[in-house]
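1. quick one: sequence plus predicted model below, questions after.
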Amino acid sequence: MSTEIKDTFTEIVDITLYKYNSIDLKLWGIMARDPGVKKISDDALLVNVQKLNKYLQEYFRSDINRFQSVSDVTIHKEATSIYFLFQSLKTMPNLTWIKCNLNKNSSYNRVISVDQIKTIKYSIKILRGSLRLFDIFNEHDADVAGMILRRADLLGQEEHFMVMRVRQFLSSLDLFLSENNTTEVFNIINAIIQRVEEYESDDPEMLLIADKKSDI
């Protein structure tokens, strides 16, 4: 049974491909020649997940087979953008779009040493995600969470969803908790914070949905 952790929050990410990396350039060329891929600028493309998965399976199958056969200890010798994109598709089931940027810097290196152990540093920035209260709580607690968010002025009285940056959302929760630190409020807010705080550094736009019936 797989114990792989799924990231159900992430919907849109931002990645960087390098012009002077042969695999990156091959993937960039495939996307740039596809009329179904949106061109944002000369150095930025927007591709949907279905197309990206098709590219990986059709043009990079041997790469996928190769890194699936090596251990975590030696993955730095095999890992490429294909590896990280394939892993993202496996672990981000709600991922819908990938913004790809082309970096033309010839002096880059993804291999870094941490405590004398070689590893790969690959940046995937989250641009947008969704948080559904009913995915965190049972029906009763989801209703309570909605009421608490309305008391914190994060939802209007008749609103069942809102859009906000993660950092602003967490700051508002922290402030409300400092002024209303009952056991019930703490348990609800702490559960929400734990679900989204790992995305604070990227500070993506977040859609919060409070009511399952209004899930958009």
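-> Now that the structure is in, tell me what you want to look at. Predicted, not measured: the structure shown is a model, and the values here were computed from it. Residues are numbered from 1 along each chain as shown.

2. any idea how far the spatially closest residue to T80 that is not a sequence neighbour is from I15?
-> Of all residues not flanking T80 in the chain, I23 sits nearest, at 4.8 Å (C-beta to C-beta, 6 or more residues apart in numbering). (C-beta placed from N, C-alpha, C; glycine too.) Taking C-beta to C-beta, to the nearest Å as the measure, I23 and I15 are separated by 13 Å.

3. shared neighbours, the two?
-> Listed as contacting both I23 and I15 by C-beta atoms under 8 Å, 6 or more residues apart in numbering are S81.

4. domain ranges for this protein?
-> Under the assignment automatic domain parsing, the domains of the chain span 10-122, 133-214.

5. out of those, name the one with the poorest average pLDDT.
-> Lowest mean pLDDT within those: domain 10-122, a mean of 84.

6. pull up the distance across it, start to finish.
-> 17 Å (C-alpha to C-alpha, to the nearest Å).

7. returning to that earlier point: possible to save the domains of the chain as TSV with mean neighbour count?
-> Compiled in TSV, these are given as follows (neighbours: other C-beta atoms under 10 Å):
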stretch	mean neighbour count
domain 10-122	15
domain 133-214	15
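
8. for the helix or strand L17 falls within, packing partners?
-> Assigned by DSSP states H and E, L17 belongs to strand 10-18. Judged by 3 or more C-beta pairs under 8 Å, 6 or more residues apart in numbering; DSSP states H and E, the packing partners of strand 10-18 are helix 22-32, helix 81-91, strand 97-103, strand 124-132.

9. name the residues that touch the third one?
-> Counting contacts by C-beta under 8 Å, 6+ apart, the residues outside strand 97-103 that touch it are 11-19, 28, 31, 40, 43-49, 52, 85, 127.

10. ok, 6 Å please
-> For strand 97-103, the external contacting residues (C-beta atoms under 6 Å, 6 or more residues apart in numbering) are 12-19, 28, 43-48, 52.

11. also stretch 32-47?
-> Residues contacting stretch 32-47 (C-beta under 6 Å, 6+ apart): 31, 97-102.

12. how long is stretch 24-41 from one end to the other?
-> One end of stretch 24-41 to the other measures 17 Å (C-alpha to C-alpha).

13. from the contacts of stretch 32-47, which is closest to M147?
-> Checking the contacts of stretch 32-47 against M147 by C-beta to C-beta gives W97 as the nearest, at 33.1 Å.

14. where's the closest one relative to I209, distance?
-> Per C-beta to C-beta, W97 is found 19 Å from I209.

15. all helices of this structure, in order?
-> Ranges of helices in the chain, per DSSP state H, are 22-32, 49-59, 61-68, 81-91, 133-136, 139-151, 166-179, 183-196.

16. output the ones you listed as a markdown table; include the columns distance to E159.
-> Formatted as a markdown table, those follow (distance: least, C-beta to C-beta, whole Å):
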| stretch | distance to E159 |
| --- | --- |
| helix 22-32 | 38 |
| helix 49-59 | 29 |
| helix 61-68 | 43 |
| helix 81-91 | 31 |
| helix 133-136 | 13 |
| helix 139-151 | 8 |
| helix 166-179 | 14 |
| helix 183-196 | 16 |
